[in-house]
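Colleague: would you be able to build a 3D model of this:
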Amino acid sequence: MIGVLVVEDDFRVAQVHALFVAQVIGLEVVGVAHTAADALRIAAEVKPDLVLLDSYLPDRPGIEVAAELSADIFMVTADSSATSVRAAFAAGALNYLIKPFSSEQLTSRLRAYVRYRTLLGGQLEELTQQAIDRAVDALHDADRPPTPKGQSPVTARLVTSALRKAGEPRTAADLASQLGISRATAQRYLAALVDDGRAVLSLRYGSTGRPEHQYHWASSRS
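Modeller: Below is the predicted model of the structure:
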């Protein structure tokens with residue numbers, strides 16, 4: 001079982017988060033803390049694998065605590081400032097969920113974390129880049145918007161992964177040839193990535209003067 005420490009200053013909210021954790025197979029709550037001091041003390045005692053950490057704690061900011069924890073961290077907080085988000089990821093947070101949120105928003109991310117740990121856990125040998133990419137993709141699978149109606153989740157993942165790993169602008173024809181799908185299909189899935197901000201569209205003018213659509217992964221989403 002993967003041990004989870006819930007850190008939340010509101011007693012009732014902490015109880016709700018603990019119930020959400022209990023809904024996910026493979027996770028168990030190993031402690032609940034309501035202050036930064038209690039969080040560090042309990043973490044030293046029970047050594048959790050994952051900490052659900054609020055930023056607004058009565059004695060110290062949660063982001064400061066994050067840097068002192070030797071565990072994976074999900075920030076679960078009402079603090080939506082860009083500065084806090086950057087600081088949290090700089091401190092090692094794996095995810096950042098802004099309150100209020102639904103039970104599914106948290107539990108889906110927790111299930112993704114279980115898959116991530118399963119892919120990396122118990123691996124004593126060195127990992128290949130492909131294995132690392134699979135684990136990272138699994139961790140953030142729940143962060144992605146749902147696949148648009150009429151699209152295949154499998155094809156969407158293939159197009160997304162190919163564009164993200166390309167490292168340079170690609171056309172629909174390029175990805176169609178690489179993935180063995182039609183150009184029209186590649187174009188449709190690439191357009192969906194542009195619509196939700198994960199890809200950027202640009203134009204390239206060839207010798208005929210007719211512009212060609214090129215797509216590259218949005219740098220902020222890498």
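Colleague: pretty sure residue 212 sits in a strand.
Modeller: Yes: using DSSP: H, G, I helix; E, B strand; the rest coil, the assignment for residue 212 is a strand.
Colleague: which residues are in contact with the closest residue to it other than its chain neighbours?
Modeller: Leaving aside its chain neighbours, residue 212 sits nearest to residue 204 (4.8 Å; criterion: C-beta to C-beta, 6 or more residues apart in numbering). Where C-beta positions appear, they are placed from N, C-alpha and C, glycine not excepted. Residues counted as contacts of residue 204 (C-beta atoms under 8 Å, 6 or more residues apart in numbering) are 169, 171, 211-214.
Colleague: how about those in JSON lines, adding neighbour count, pLDDT and distance to residue 25?
Modeller: Formatted as JSON lines, the contacts of residue 204 follow (neighbours: other C-beta atoms under 10 Å; pLDDT from 0 to 100; distance: C-beta to C-beta, whole Å):
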{"residue": "169", "neighbour count": "18", "pLDDT": "89", "distance to residue 25": "42"}
{"residue": "171", "neighbour count": "17", "pLDDT": "91", "distance to residue 25": "42"}
{"residue": "211", "neighbour count": "11", "pLDDT": "76", "distance to residue 25": "50"}
{"residue": "212", "neighbour count": "14", "pLDDT": "81", "distance to residue 25": "48"}
{"residue": "213", "neighbour count": "16", "pLDDT": "88", "distance to residue 25": "43"}
{"residue": "214", "neighbour count": "17", "pLDDT": "90", "distance to residue 25": "43"}
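Colleague: and the two most separated of those?
Modeller: Pairwise distances across the contacts of residue 204 peak at 13.0 Å for 169 and 211 (criterion: C-beta to C-beta).
Colleague: and the longest helix along the chain, what does it pack onto?
Modeller: Counting by DSSP state H, the longest helix found in the chain is helix 103-120. The helices and strands touching helix 103-120, judged by 3 or more C-beta pairs under 8 Å, 6 or more residues apart in numbering; DSSP states H and E, are strand 2-7, helix 11-22, strand 72-77, strand 95-98, helix 129-139.
Colleague: distance check, the most centrally placed residue in the chain against residue 5.
Modeller: Relative to the mean C-alpha position of the chain, the nearest C-alpha, by C-alpha atoms, centre = their mean, is the one of residue 140, at 3.0 Å. For residue 140, the distance to residue 5 equals 22 Å [C-beta to C-beta, to the nearest Å].
Colleague: kindly report the same for residue 79.
Modeller: Distance of residue 79 to residue 5, given as C-beta to C-beta: 19 Å.
Colleague: neighbour count winner among those two?
Modeller: Neighbours per residue, other C-beta atoms under 10 Å: of residue 79 and residue 5, the larger number sits with residue 5, 27 against 19.
Colleague: show me what contacts residue 43?
Modeller: So residue 43 contacts 5, 31, 51, 69-71 (C-beta under 8 Å, 6+ apart).
Colleague: how much space between residue 216 and residue 188?
Modeller: Using C-beta to C-beta, residue 216 is found at 18 Å from residue 188.
Colleague: what do you get for residue 200?
Modeller: Applying C-beta to C-beta, the value for residue 200 to residue 188 is 17 Å.
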